[in-house]
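Coordinates for the following, if possible.
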Amino acid sequence: MKEDIRCPKCGSDALYRYGKTHNGRRRFLCLVCNRQFVWPSVKAEVAERPNCPKCGAPMHVYMRHAPVIRYRCRNYPKCRTFVKVDKSKKE
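You can find the predicted model right below:
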């Protein structure tokens, strides 16, 4: 039985097996968009990202800790702004 594994970014099935993580899950590299990802993924994609308070650009997920997601400005290293969002306070 072959799994239908597709790139989460572009949806392509042109993938390269890229080894395993330290937890034993398979790692892949998309040959179309060069995104690296782990299958099966346990991290949910972030639906809403904050905008940078300094320059207004969208921010990217930089680190994930248990209750906190840390975002960094898209224009890094020109803009070194970061924002911490506590998930436990939102719920």
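
If you drop the residues flanking it in sequence, what lies closest to Ile69?
The spatial neighbour of Ile69 that comes closest, neighbours along the chain excluded (CB to CB, 6 or more residues apart in numbering), is Val85 at 5.1 Å. Just so you know, the C-beta spots here come from the backbone N, C-alpha and C atoms, and that holds for glycine as well.

burial of that neighbour, as a residue count?
17 (other CB atoms under 10 Å).

Who are the contact partners of it?
Pro50, Val68, Ile69, Arg70, Tyr71 (CB atoms under 8 Å, 6 or more residues apart in numbering).

okay, the residues you listed in JSON lines with neighbour count, distance to Phe37 and secondary structure next?
Below are the contacts of Val85 laid out as JSON lines (neighbours: other CB atoms under 10 Å; distance: CB to CB, whole Å; DSSP: H, G, I helix; E, B strand; the rest coil):
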{"residue": "Pro50", "neighbour count": "13", "distance to Phe37": "23", "secondary structure": "coil"}
{"residue": "Val68", "neighbour count": "13", "distance to Phe37": "23", "secondary structure": "strand"}
{"residue": "Ile69", "neighbour count": "17", "distance to Phe37": "18", "secondary structure": "strand"}
{"residue": "Arg70", "neighbour count": "14", "distance to Phe37": "20", "secondary structure": "strand"}
{"residue": "Tyr71", "neighbour count": "21", "distance to Phe37": "20", "secondary structure": "strand"}
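
Is it possible to get JSON lines of those residues that adds pLDDT?
Converted to JSON lines, the contacts of Val85 look like this (pLDDT from 0 to 100):
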{"residue": "Pro50", "pLDDT": "88"}
{"residue": "Val68", "pLDDT": "86"}
{"residue": "Ile69", "pLDDT": "87"}
{"residue": "Arg70", "pLDDT": "90"}
{"residue": "Tyr71", "pLDDT": "91"}
